[in-house]
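> Quick one, what's the 3D model for this:
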Amino acid sequence: MTFNPQIPSWGKDFSENYINELLSYHSWLSTTGIKTGLISPKNNQFIWDEFIVHSLYFYKIVNDLNILSQNIFDLGTGGGIPGIPFGIVSDQEITLVDIKQKRIFELERLISVQKLSNITAIKEDAEILIKNNDHTIFLMRCYIPHSSLVNLLEKNIENNKQNTFIVSSNADTVNNLEDMFHVKQEKFLINNDEYRYIDVITVK
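Model (predicted):
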C-alpha cells in the first residue's frame with residue numbers, strides 16, 4: 001500500500017500547519033514505536049489512518065465542546081495515542097498515562113527530541129487518576145470491553161466526580177450505556193470509505 005498522508009476535510013482547519021510534526025511522529029511510531037513494542041507491526045498507511053487521523057478527531061471533539069481549559073489525561077496511552085497528535089495540533093497541556101515504565105521512558109525521549117513542551121508522560125494507574133480528579137477529560141483511544149468501561153464509569157460516580165470520558169467505541173456502545181450516562185456518539189470518516197466511532201460520556 002502506498003502511504004498517502006492526507007488530512008480529512010474535518011481536520012484541515014487545525015492540522016495543516018502541523019503536518020511536518022505529525023509526519024515526524026508517524027515516522028517515530030513506524031520505527032521506534034514498533035521496535036520497542038509500543039505498537040505492533042503495522043504498515044505506514046494503517047499507522048497514519050488509525051493512529052494519527054483517528055487521534056485528531058479526539059481533538060476535534062474537545063475543541064467543539066469548548067472544554068480545552070480542563071485537565072486532559074490520555075489513559076493507557078501506549079505509543080502516545082491519541083495524546084501526542086492531540087498535543088501537536090493544540091496548545092493544551094496533555095498528560096500521557098501508562099502503567100508500564102518502559103513506555104513512559106520512550107515517550108519522554110520523544111517529547112524531549114520533538115520539543116513537545118505541552119505534553120508530559122507519567123506512570124500511573126488509571127483508576128487512581130479517575131478517583132482523584134474532578135472536572136477532567138479522560139481520553140481512551142484503545143477500545144476496551146464494555147464491562148471494563150462500565151466499571152471505570154461507576155467508580156467515577158461512586159467518587160462523586162464530574163469527569164468527561166472520550167472513548168473509542170463501536171456502533172453499539174450508546175445502547176449499552178445510555179441508561180446510566182449521557183452519551184453522545186461521534187461517527188466520522190477516517191479515510192475514503194471507513195467510519196469510526198468515538199463516544200463522549202458524562203454522568204447523568
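> Identify the residues contacting G87.
Counting by C-beta atoms under 8 Å, 6 or more residues apart in numbering, G87 touches I94, L116, N118, I119. In short, each C-beta sits where N, CA and C put it, glycine included.
> Can you pull the phi/psi pair for it?
When read as degrees, to the nearest 10, the backbone of G87 gives phi -70, psi -30.
> how close does it get to T120?
According to C-beta to C-beta, to the nearest Å, G87 and T120 sit 10 Å apart.
> list residues touching both of these two?
Common neighbours of G87 and T120 (criterion: C-beta under 8 Å, 6+ apart): I94.
> Now R196. Nearest residue, chain neighbours left out?
Counting by C-beta to C-beta, 6 or more residues apart in numbering, R196 lies nearest to I190, which is 4.9 Å off, once chain neighbours are set aside.
> Measure how buried that neighbour is and give me the count.
16 (other C-beta atoms under 10 Å).
> got a list of what it touches?
By C-beta under 8 Å, 6+ apart, the neighbours of I190 are P8, D49, E50, V53, H54, Y57, R196.
> Would you list the buried entries among those residues?
P8, D49, E50, V53, H54, Y57, R196 (16 or more other C-beta atoms under 10 Å).
> wait, doesn't the second one sit right on D193?
Same thing as D49. No. Between D49 and D193 there is no contact under C-beta atoms under 8 Å: 11.3 Å.
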